[in-house]
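*Asks:* Structure for this input, please:
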Amino acid sequence: MKRRQLTSDERTILSLLGYGADNTRPTAYLSSMTSLSQRAVRKVIRDLVIKYSIPIVGERTGSKRGYYIATDQDELARASGPLKNEIKQLARRNRALIFAQIRTDWLEYLTTKGDQDNGKSDI
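*Replies:* Numbering: from 1, shown residues only. Okay, here's the model as predicted:
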């Protein structure tokens, strides 16, 4: 099986990532160390995970926010929970959009909606 060749950006980002949860690298840091925007950094990280199966974790809470390369199963498990929650929220948003009404008066509609008989009382 032929090994894929890393792009220059992938190689650079990979070299900047730390190993383990104590060595997170924020997106802003990775962006400042490269000529890439923060959006481009996130895309490179996504590509490294998907194309090469590198276990890069995005820590989104606490004081150690940022990306790191997982070194054990516990670190991988910690990364999975927030992703599952995000998938659920995206599915809810998608469902809401599928069934949404097309209107041009949303502010007026929502402002006066409470005055209509929707089964709720302001008292």
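*Asks:* where does this structure dip in pLDDT?
*Replies:* By pLDDT under 70, the weakly predicted segments of the chain are 1-2, 113-123.
*Asks:* try it again with 50
*Replies:* Judged by pLDDT under 50, the chain has its weakly predicted residues at 119, 121-123.
*Asks:* Please enumerate the strands of it.
*Replies:* Listed in chain order, the strands of the chain (DSSP state E) span 56-59, 66-69.
*Asks:* Need those in JSON lines (columns: mean neighbour count).
*Replies:* (Glycine included, C-beta is placed from N, CA and C.) Shown next, in JSON lines, are the strands of the chain (neighbours: other C-beta atoms under 10 Å):
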{"stretch": "strand 56-59", "mean neighbour count": "20"}
{"stretch": "strand 66-69", "mean neighbour count": "20"}
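*Asks:* I'd like the distance from stretch 49-66 to the chain centre, please.
*Replies:* Centroid displacement of stretch 49-66 relative to its chain, using C-alpha atoms, centre = their mean, to the nearest Å, is 10 Å.
*Asks:* ok, and for that stretch, which residues are buried?
*Replies:* Buried residues in stretch 49-66, defined by neighbour count with 16 or more other C-beta atoms under 10 Å: 49, 56, 57, 58, 59, 66.
*Asks:* what would those residues look like in TSV with distance to residue 104?
*Replies:* Listed next are those as TSV, based on distance: C-beta to C-beta, whole Å:
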residue	distance to residue 104
49	41
56	43
57	43
58	38
59	42
66	42
